[in-house]
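Participant: task: produce atomic coordinates for the following.
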Amino acid sequence: MKYFKSGAYVNQDTYKSFLPEKINREWTLEDISIITLLSKADREFGRLDMFSEYVPNIDLFISMHVLKEATQSSKIEGTKTNIEEALQDKSNISEEKRDDWEEVQNYIEALNSAIKKLNKLPFSSRLIKQTHKILLKGVRGKYRTPGEFRTSQNWIGGVTISDAAYIPPFHMEVSALMADLEKFAHNEEFQFPDLLKIALIHYQFETIHPFLDGNGRVGRLMITLYLVEKGILKKPILYLSDFFEKNRNLYYENLMKVRINNDIKQWFKFFLVGVSETAKNSIDTFDKILRLQKEVDEKLQKLGSRMKNARVVISYLYQRPIIDASKVSEITNVSMPSAYKLIDKLEKLSILEEITGGQRGKQYRFTDYINIFK
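Facilitator: Now for the predicted structure:
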């Protein structure tokens, strides 16, 4: 990394685009500060992986991790949908907020779909394109060639290309650069730590900016896909978008520092700090979930004959913590009057909270669980 060169600006008549160096080559790690941060990040990863193995029914809670990632990653791009809004059906979202809501729902679908496809399809341009197609389905970028690499010039910042903050490589270079990125992801000839490898892949992807829209969201989503495919994460339970959103300016600044100053070290440091902090936060989240589970279970002991159905409701709420009487009736196979009686009991135990305030169409929130993810 001592002699790292990020690339060069290339004249394109009226503007200059940035052409990054290819990354599929041997890398040498010498900087002790990066080695120290890498060691710390690896330890936190190990703790998270070990901790997650002791969480019963961990798959119940993954959907909320994905939902939080979707809201935070989309927030970086300017959407304003929060966790509670993302949990609502489209019919309950006001007209002016539906575009943002739909982008978050697409992100959830894209991520879940990509993780499932990893069983048959490797981390690749093909997988990335398929994921991108879902991400832009029916939303603001739907006319910007979803699922296809761009065939025209794009830029970041500025109203026109003449005042852009950054101009990615000319579109004719995209396929070759993405092929190089894919080869690097699977290259086992040259040994390089996986956390630094995905840090470099994320930087390179954002630098190539291969799509006309949605590059930021796809690039952040790729981090989790890579970690799951390589077996570093047994379950998709670590997402960096929350860290990137909270440090948004630093995130963009450090990416630009690589391009302008060849400062890949600072980007690696920022990324590794993000991994460590996010892993710690994930452990804390699971610890809170386990404590909440214990508290809720103790409360359910008071329900007598209704306890069995209450457990069914609680299992549903860990995946989707907003519910109504018709859903309670459906998942427990009881009548609507019985569903309302069960809800009443859960309200009195301070497990459910009514959030609509109306006489009809009442919805109930598993508030303590939602608050863990806020």
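
Participant: for the stretch 251-374 of the chain, what spans make up the strands?
Facilitator: Listed in chain order, the strands of the stretch 251-374 of the chain (DSSP state E, counting those that start in this stretch) span residues 322-323, 353-354, 364-365.

Participant: now those as TSV including mean neighbour count, distance to residue 142 and mean pLDDT?
Facilitator: For the C-beta atoms, the positions are set from N, CA and C on the backbone; glycine is no exception. Formatted as TSV, the entries for the strands of the stretch 251-374 of the chain read as follows, by neighbours: other C-beta atoms under 10 Å; distance: least, C-beta to C-beta, whole Å; pLDDT from 0 to 100:
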stretch	mean neighbour count	distance to residue 142	mean pLDDT
strand 322-323	21	28	95
strand 353-354	13	37	96
strand 364-365	21	32	96
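
Participant: what pLDDT is listed against residue 78?
Facilitator: Model confidence at residue 78, expressed as pLDDT, equals 86.

Participant: before we move on, back to that, between the strands of the stretch 251-374 of the chain, which one is nearest to residue 92?
Facilitator: Between residue 92 and the strands of the stretch 251-374 of the chain, the shortest separation by C-beta to C-beta is 9.5 Å, and it involves strand 322-323.

Participant: of the strands of the stretch 251-374 of the chain, which is nearest residue 103?
Facilitator: Comparing the strands of the stretch 251-374 of the chain by their distance to residue 103 (C-beta to C-beta), the top pick is strand 322-323, with 19.5 Å.

Participant: now the strands of the stretch 251-374 of the chain as TSV including distance to residue 288?
Facilitator: Compiled in TSV, these are given as follows (distance: least, C-beta to C-beta, whole Å):
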stretch	distance to residue 288
strand 322-323	19
strand 353-354	18
strand 364-365	17
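
Participant: what's the helix or strand for the residue nearest the centre of the chain?
Facilitator: In the chain, the residue lying closest to the centroid (C-alpha atoms, centre = their mean) is residue 69, at 3.8 Å. Using DSSP states H and E, residue 69 sits in helix 59-76.

Participant: give the other helices and strands that the longest helix seen in the chain contacts.
Facilitator: Longest helix in the chain by number of residues, with DSSP state H as the criterion: helix 264-300. When contacts are defined as 3 or more C-beta pairs under 8 Å, 6 or more residues apart in numbering; DSSP states H and E, helix 264-300 packs onto helix 32-53, helix 59-76, helix 194-208, helix 241-246, helix 248-261, helix 307-319, helix 367-373.

Participant: residue contacts, the spatially closest residue to residue 269 that is not a sequence neighbour?
Facilitator: Spatial nearest neighbour of residue 269, excluding adjacent residues (C-beta to C-beta, 6 or more residues apart in numbering): residue 37 at 5.9 Å. Residues in contact with residue 37, defined by C-beta atoms under 8 Å, 6 or more residues apart in numbering, are 268, 269, 272, 273, 276.

Participant: if we use 10 Å, what do you get?
Facilitator: When contacts are counted by C-beta atoms under 10 Å, 6 or more residues apart in numbering, residue 37 touches 31, 195, 196, 268, 269, 270, 271, 272, 273, 275, 276.

Participant: can you list those residues in TSV and add distance to residue 189 and neighbour count?
Facilitator: Formatted as TSV, the entries for the contacts of residue 37 read as follows, by distance: C-beta to C-beta, whole Å; neighbours: other C-beta atoms under 10 Å:
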residue	distance to residue 189	neighbour count
31	23	16
195	19	23
196	16	22
268	21	25
269	26	19
270	28	21
271	24	26
272	24	24
273	29	16
275	25	26
276	29	20
